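*Asks:* Attaching a predicted model along with its sequence, questions to come.
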Amino acid sequence: MASLSPDHVIFLQSLPKAELHAHLNGSIPIKIILELAQQYPSASTSAERTEVTDTIENFRSGVAFNEI
């Protein structure tokens, strides 16, 4: 970012952002997600670990998008 002009930074900040996680659903095998979760354990509380586990189970059973 240091090489960008202030106008470039403002332009980039003004661009709409995509929900990247929604675009990745189904494109990464669950096995890889589990391997990454084991390599980079960032969930520090039991509630966070439960949320990660629940999310992986949702991937396994198929995620239905009701709103984006």
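*Replies:* On my side now, so go ahead.
*Asks:* Let me see the ranges of the strands in the protein.
*Replies:* For the chain, no strands are identified by DSSP state E.
*Asks:* quick one: low-confidence parts of it?
*Replies:* 1, 19-26, 41-44, 63-65, 67-68 (pLDDT under 70).
*Asks:* how near is Q39 to E57?
*Replies:* Using CB to CB, to the nearest Å, we find Q39 at a distance of 20 Å from E57. The C-beta positions use only the backbone N, C-alpha and C, and glycine is treated the same way.
*Asks:* between those two, which one's more packed in?
*Replies:* Remark: of Q39 and E57, E57 carries more neighbours, 10 against 7, as counted by other CB atoms under 10 Å.
*Asks:* check contacts around the more buried one.
*Replies:* With contacts taken as CB atoms under 8 Å, 6 or more residues apart in numbering, E57 has no neighbouring residues.
*Asks:* run the last query once more with 10 Å
*Replies:* When contacts are counted by CB atoms under 10 Å, 6 or more residues apart in numbering, E57 touches I30.
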